[in-house]
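J.: sequence and predicted structure, then a few things I'm wondering about:
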Amino acid sequence: MPVNQSDLRTLRKSLEQLRGELERDLCSILPAQAGGSDLVPENREVLVRQLEDDIAAVDAAFERIDTGLYGYCIGCGEEIEMNQLRADPATSLCLSCHSRVKRRSKLI
């Protein structure tokens, strides 16, 4: 069953909250790039990249909501389980495709 409007409103709020948290985290790290941080520069770069990737995933989820594709796997087109969307509202893959991607990334 596709995501209903009530769930979609709740998930959108979760995404908005998540994006705000990610932006705050990113903003707290960026000034530290000039110095004064306990993070090793290489670790800081990895963290910044991860936060930027996470923000991009949230933005992509908003785009899928706007186009009516939210809740469907971008890998296989099947519906994503509601429990998975609640756990990670920015997810774009069903559990099966997510597992397949993880297995492949471990081989590289």
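T.: Sure thing, it's come through. Numbering: from 1, shown residues only.
J.: Y70 in helix, strand or coil?
T.: Secondary structure assignment for Y70 (DSSP: H, G, I helix; E, B strand; the rest coil): coil.
J.: assess the claim that it and R9 are in contact.
T.: No: Y70 is not in contact with R9 according to C-beta atoms under 8 Å; the separation is 11.8 Å. Where you see a C-beta, it was placed from the backbone N, CA and C, and this is true even at glycine.
J.: which ones are touching R103?
T.: By C-beta atoms under 8 Å, 6 or more residues apart in numbering, the contact list for R103 is empty.
J.: the longest helix in this structure is where?
T.: Using DSSP state H, we find that the single longest helix of the chain is helix 41-67.
J.: so for that helix, mean pLDDT?
T.: Across helix 41-67, the average pLDDT comes to 94.
J.: ok so, going back, neighbour-wise, which of Y70 and R9 wins?
T.: Taking other C-beta atoms under 10 Å, Y70 and R9 do not tie; Y70 has more neighbours (22 against 11).
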